[in-house]
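*Asks:* here is a sequence together with a model predicted from it:
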Amino acid sequence: MIRKLRLPLISLLLLTMLTACGSKPTDTALQDGYYTAQAAEFSHGWKEYITIMVKGGSIVSVEYNAENASGFIKSWDSYYMQNMLHSNGTYPNEYTRYYAGQLLEGQGEGTIDVLTGATSSYSSFQKLSAAAVEQARKGDSSIAIVDTSSQSS
């Protein structure tokens with residue numbers, strides 16, 4: 001009699017274990033796709049944005065930059081770079097890659113260290129990256145418009 005019960009019990013136990021091991025999406029899981037957050041307003045002639053690409057539930061690419069009203073990318077502006085480097089010790093092509101790399105490394109969960117000379121962009125990056133990661137959690141590929149002014153939290 002015990003032998004007859006053993007096989008169904010083992011089968012039930014295995015089925016329970018396999019069901020428990022199945023991957024179920026959680027509220028913190030990132031959905032595959034491209035997600036963008038953009039500043040609501042221009043600041044000093046530039047509007048910052050971030051785009052992340054999620055594949056296999058992980059952030060695989062991060063682009064953080066700013067553009068002017070004509071669409072010219074801030075990191076490409078060599079005149080701006082020279083002026084900022086001499087006055088702040090950093091420049092857009094450096095700090096945008098630095099912040100993007102930290103987001104990629106931390107997968108949206110880690111802290112981002114501020115880079116001296118780019119504290120204003122750091123504040124914007126924090127807000128924009130949080131919005132983009134939230135969009136990825138929801139699977140919402142619409143562009144998130146974010147108030148990056150210093151008065152907002």
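*Replies:* Alright, I've got the coordinates. Numbers count the residues shown, from 1 in each chain.
*Asks:* looking at this, Ser123 is in a helix?
*Replies:* Yes: counting by DSSP: H, G, I helix; E, B strand; the rest coil, Ser123 is part of a helix.
*Asks:* could you find the closest non-adjacent residue to it?
*Replies:* Nearest residue to Ser123, sequence neighbours excluded (CB to CB, 6 or more residues apart in numbering): Ser150, at 6.6 Å. From N, CA and C alone the C-beta is placed, and that goes for glycine too.
*Asks:* any idea of the mean pLDDT in stretch 105-117?
*Replies:* Averaged over stretch 105-117, pLDDT sits at 78.
*Asks:* same question for stretch 140-153.
*Replies:* Stretch 140-153 comes out at a mean pLDDT of 82.
*Asks:* circling back to that earlier point, what is the neighbour count of the residue nearest to Ser123?
*Replies:* Ser150 has 9 neighbours, counted by other CB atoms under 10 Å.
*Asks:* doesn't it lie inside a strand?
*Replies:* No: using three-state DSSP, the assignment for Ser150 is coil, not a strand.
*Asks:* how far out from the middle of the chain is the host helix or strand of Tyr98?
*Replies:* Using DSSP states H and E, Tyr98 sits in helix 92-106. A distance of 10 Å separates the centroid of the chain from that of helix 92-106, by CA atoms, centre = their mean, to the nearest Å.
*Asks:* hey, C-alpha coordinates of it in CSV?
*Replies:* Extracted C-alpha coordinates of helix 92-106, given in CSV (Å, rounded to 0.1, in the frame of the first residue of the first chain):
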residue,chain,number,x,y,z
PRO,A,92,29.5,66.5,-21.6
ASN,A,93,31.1,63.6,-23.5
GLU,A,94,32.9,62.5,-20.3
TYR,A,95,30.1,62.9,-17.7
THR,A,96,27.3,61.5,-19.9
ARG,A,97,29.3,58.3,-20.5
TYR,A,98,30.2,58.2,-16.8
TYR,A,99,26.6,58.4,-15.6
ALA,A,100,25.3,56.1,-18.3
GLY,A,101,28.0,53.5,-17.4
GLN,A,102,27.0,53.6,-13.7
LEU,A,103,23.4,53.0,-14.6
LEU,A,104,24.3,50.1,-16.8
GLU,A,105,26.5,48.6,-14.1
GLY,A,106,23.9,49.0,-11.4
